[in-house]
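Engineer: This is a predicted model, with the sequence first.
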Amino acid sequence: MKGICMRYAKTEFEAEDTFQEAFISVFRNIQNFREGSFPNWMRRIFVNTAINNYRRNKKHYDHQDSQELEIQDDNQLDGLQELTTKEIVAMINELPEGYRVVFNLNVVEGYNHREIGEMLDIAEATSRSQLSKAKNLLKKKLEKINPCKYAS
């Protein structure tokens, strides 16, 4: 669960704060858990808490204008399969805040752009644009690692 918090936090301290807040929420709402997968229910609370903290703190982050829509090939990140998890996480954590959050919500957590837009209070097109830009930045990082292998 700490990994979830780390994906949406800017600092280790912020992730730890989110982690603690999410666990408190789990314990306060444990009576609401009825059936199904407890780990999935708990994960949802952690993601929601992390997103709420991100939204609350985003005014402190540097954001780039991401209103323009770019269309990119979804296969451009295929090379990620050959990197270690630690290398992938490091690359993702280097993305600008908005890109990183949208990338995590879409690629890691599986939310669609409509859901992401609602969670982050942004337009669906902005979510698509930020994901596209995140993928482009990751592709450029891959090209720097191995220009011959990852270049288009």
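Structural biologist: Structure's in. What do you need? Numbering: from 1, shown residues only.

Engineer: Okay, helices next: where are they in the chain?
Structural biologist: For the chain, helices defined by DSSP state H occupy the ranges 2-8, 12-29, 38-57, 85-93, 97-103, 113-120, 124-145, 147-150.

Engineer: residues contacting the spatially closest residue to Val102 that is not a sequence neighbour?
Structural biologist: Nearest residue to Val102 in three dimensions, chain neighbours excluded: Gln130, at 4.1 Å (CB to CB, 6 or more residues apart in numbering). (C-beta placed from N, C-alpha, C; glycine too.) For Gln130, the contact set (CB atoms under 8 Å, 6 or more residues apart in numbering) comprises 66, 98-99, 102-103.

Engineer: ranking these by neighbours, who comes first?
Structural biologist: When neighbours are counted by other CB atoms under 10 Å, Val102 leads these with 28 neighbours.

Engineer: is it true that that residue touches Leu137?
Structural biologist: No: assessed by CB atoms under 8 Å, Val102 is found out of contact with Leu137, at 12.0 Å.

Engineer: Show me how this protein divides into domains.
Structural biologist: 2-60, 74-150 (automatic domain parsing).

Engineer: Mean pLDDT added to those, as JSON lines?
Structural biologist: Listed next are the domains of the chain as JSON lines, based on pLDDT from 0 to 100:
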{"stretch": "domain 2-60", "mean pLDDT": "85"}
{"stretch": "domain 74-150", "mean pLDDT": "81"}
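
Engineer: which residue is nearest the middle of the protein?
Structural biologist: Asn104 (2.1 Å; CA atoms, centre = their mean).

Engineer: tell me the contacts of Val108?
Structural biologist: Contacts of Val108 by CB under 8 Å, 6+ apart are Arg7.

Engineer: any idea how far it lies from Phe27?
Structural biologist: Applying CB to CB, to the nearest Å, the value for Val108 to Phe27 is 25 Å.
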